[in-house]
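Student: My questions concern the predicted model and sequence given below.
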Amino acid sequence: MLVSSYIYSLLDDFVCKEEYENSKESGQKLLILSDDAMILFELQENNIGKIEFWSTLYALTELQVNKVTKVASLTFFNDENNAEKKLNLKIENILFFREALVKRMTTLKVKTESKRLVKGQLVEKRLTDKEISQMSIQDVTKTIDILVGKIKNNEINYYIVNTFMKLSGRVS
């Protein structure tokens, strides 16, 4: 009994709904946050169904929490198909989720960046694979120079390194 209560203490669970861009239809999900992974289960009449999504927290590349709409937008890197997967989850106790996730990321010693936006402040747009493939060579080299400057200033994160590699592959 002691072992199982210890294991359960490493987990946090949240009931949520997956938000779809073009549809209001979504069933309830059970989100389990362990010490180093996140698992999303189908939830049917208070019974856990099949696993919908699973990932380690190391694969988390971006998290945005909207306290007003109670939606967490999470982006994970998928090694299997070398692409990112985005989840939008509506979570009632969103602040507790954010706090639990930040605590785990800190325990894992993952560097996190937190930005508080002020009304009217611009956010740097992240390039998608499609935008990179359609860029002119002149824009590619200009963007590479910007990324090299960030890397030299020790502003290193997954997005910067991955984008630099994609752009470098485009030039060669």
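Tutor: Good, I have the coordinates.

Student: Only C-alpha atoms from now on, for both contacts and neighbour counts.
Tutor: Fine.

Student: what ranges do the helices span in the protein?
Tutor: 2-9, 94-107, 129-134, 137-152, 158-171 (DSSP state H).

Student: any chance of those helices in CSV, plus distance to Asn82 and mean neighbour count?
Tutor: Output for these, formatted as CSV (distance: least, C-alpha to C-alpha, whole Å; neighbours: other C-alpha atoms under 10 Å):
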stretch, distance to Asn82, mean neighbour count
helix 2-9, 32, 10
helix 94-107, 22, 16
helix 129-134, 11, 12
helix 137-152, 21, 14
helix 158-171, 10, 15
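
Student: Let me know which of those helices is the nearest to Val68.
Tutor: Proximity to Val68 (C-alpha to C-alpha) singles out helix 94-107 among the helices of the chain, at 9.5 Å.

Student: show me the contacts for the nearest residue to Val65 once chain neighbours are set aside.
Tutor: In this structure, Val65 finds its nearest non-sequential neighbour in Ala72, 4.5 Å apart by C-alpha to C-alpha, 6 or more residues apart in numbering. Taking C-alpha atoms under 8 Å, 6 or more residues apart in numbering as the criterion, Ala72 is in contact with 63-66, 87-91, 94.

Student: From those residues, list the buried ones, please.
Tutor: Applying 16 or more other C-alpha atoms under 10 Å to the contacts of Ala72, the neighbour count classes 63, 65, 87-91, 94 as buried.

Student: about what we covered before: and the residue nearest to Val65, what are its bridge partners?
Tutor: Going by DSSP bridges, Ala72 is paired in beta bridges with Val65, Leu89.

Student: just to revisit the earlier point, for Gly49, find the nearest of the helices of the chain.
Tutor: The nearest among the helices of the chain, by C-alpha to C-alpha, is helix 2-9 at 18.9 Å.
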